[in-house]
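Chemist: What follows is a predicted protein model with its sequence.
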Amino acid sequence: MELKSVNSSNLKAVGYDPENSTLQIEFLNGGLYEYYNVPESIYKGLMAASSHGSYFDQYIKKGGYRYKKLRWKLAKYWFTTGDQLSMSKLIFRI
């Protein structure tokens, strides 16, 4: 899925797959989330909003869409789903 950069103090990029109604959002802190069964109208509203962060909070986060965290950032280390080492082990190495 291609992510498009957005001008926001919270969001970095947004992508949408209309075939699966799946929305991906990358945050400035490095987190990457995938939201499921999101209508295309919500995606279009997010991209057209004057405040992407406010729209996300009101219509997506509070909208109750099922989601999965695909990537998160802890300190200066990147983790993705499926990594071999658990986060708890790595926390003690920092």
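Modeler: That came in fine, so what should we check first?
Chemist: Tell me how far the longest helix anywhere in the chain lies from the chain's centre.
Modeler: Looking across the chain with DSSP state H, the single longest helix is helix 40-48. Mean-position distance between helix 40-48 and its chain equals 15 Å (Cα atoms, centre = their mean, to the nearest Å).
Chemist: same check, this time on stretch 56-74
Modeler: The answer for stretch 56-74 is 6 Å, by Cα atoms, centre = their mean.
Chemist: before we move on, back to that, name the surrounding residues that touch the longest helix of the chain.
Modeler: Residues from elsewhere that reach helix 40-48 (Cβ atoms under 8 Å, 6 or more residues apart in numbering): 4, 6, 14, 16, 18, 21, 23, 52, 55-56, 59-60, 63. C-betas here are computed from N, CA, C, even on glycine.
Chemist: if you set the cut-off to 7 Å instead, what comes out?
Modeler: For helix 40-48, contacts defined as Cβ atoms under 7 Å, 6 or more residues apart in numbering pick out Val14, Tyr16, Pro18, Leu23, His52, Tyr55, Phe56, Tyr59, Ile60.
Chemist: Ramachandran coordinates for the first one?
Modeler: Dihedral angles phi and psi of Val14 (degrees, to the nearest 10) take the values phi -140, psi 140.
Chemist: Tell me which residues touch it, please.
Modeler: Leu3, Lys4, Val6, Ile25, Leu46, Met47.
Chemist: Helices of this structure, residue ranges please.
Modeler: 40-48, 52-55, 87-93.
Chemist: Those helices: lowest mean pLDDT?
Modeler: Among those, helix 87-93 has the lowest mean pLDDT, at a mean of 42.
Chemist: What part of the protein, helix or strand, is modelled with the least confidence?
Modeler: Lowest mean confidence among the helices and strands of the chain (mean pLDDT, DSSP states H and E): helix 87-93, at a mean of 42.
Chemist: any low-confidence regions in the protein?
Modeler: Where the chain drops to pLDDT under 70, the residues are 73-94.
Chemist: Buried residues of stretch 54-67, list them for me.
Modeler: For stretch 54-67, the neighbour count (16 or more other Cβ atoms under 10 Å) marks Tyr55, Phe56, Tyr59, Ile60, Tyr65, Tyr67 as buried.
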